[in-house]
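Asker: quick check, what structure comes out for this input:
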Amino acid sequence: MLESILNSSIKLKNVGLYGNKILLQWDDGHESTFSAREIRVSCQCAQCVEEWSKRQLLDPASVPHDLTAEDYLTVGRYGIQFLWSDGHHTGIFPFSVLREMDDSLYD
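Answerer: Numbering: from 1, shown residues only. Below you'll find the predicted structure:
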């Protein structure tokens, strides 16, 4: 998986944080819109997912419905790290994973 992430041609052009919504604009012109909570609940960091079993440690019910992304950092040329209003900030979301999460691509 790491190889496919690093070799991915998916590039993020712009990020918009609008309350509890996140807009991602890709270099191919596609736009993805997510709720902040949707991305936060899918976090795969060591605090949210058990390393070996991949069992989810984060209880989705514990994530507030009014969660917002307060800021973000780009991570290399492959991902983004959000700084969430619930204090969580360790998850890195590869661009390829975020693009795959966009249900509108499968309509």
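
Asker: contacts for the one helix or strand residue 17 maps to?
Answerer: Assigned by DSSP states H and E, residue 17 falls within strand 12-18. Outside strand 12-18, the residues that touch it by Cβ atoms under 8 Å, 6 or more residues apart in numbering are 22-27, 68-72, 74, 80, 95. For glycine as for every other residue, the C-beta is placed from the backbone atoms N, C-alpha and C.

Asker: only C-alpha atoms, please: export whichever helix or strand comes after that strand in PDB.
Answerer: Sequence-wise, the next helix or strand downstream of strand 12-18 (DSSP H and E) is strand 21-26. Only the C-alpha atoms of strand 21-26 are listed here, as PDB (Å, rounded to 0.1, in the frame of the first residue of the first chain):
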ATOM      1  CA  LYS A  21     -17.300  20.600   5.900                       C
ATOM      2  CA  ILE A  22     -14.000  20.000   4.100                       C
ATOM      3  CA  LEU A  23     -13.600  20.700   0.400                       C
ATOM      4  CA  LEU A  24     -10.700  19.100  -1.500                       C
ATOM      5  CA  GLN A  25      -9.900  20.300  -5.000                       C
ATOM      6  CA  TRP A  26      -7.800  17.900  -7.000                       C
END
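
Asker: what average pLDDT does strand 21-26 get?
Answerer: Averaged over strand 21-26, pLDDT sits at 97.

Asker: also stretch 94-107?
Answerer: pLDDT averaged over stretch 94-107 gives 83.

Asker: next, format the contacts of strand 12-18 as TSV and append distance to residue 89 and neighbour count.
Answerer: As requested, these are exported to TSV (distance: Cβ to Cβ, whole Å; neighbours: other Cβ atoms under 10 Å):
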residue	distance to residue 89	neighbour count
22	15	23
23	20	13
24	18	22
25	23	14
26	24	17
27	26	12
68	13	21
69	10	22
70	9	14
71	9	12
72	10	16
74	14	12
80	12	21
95	18	22
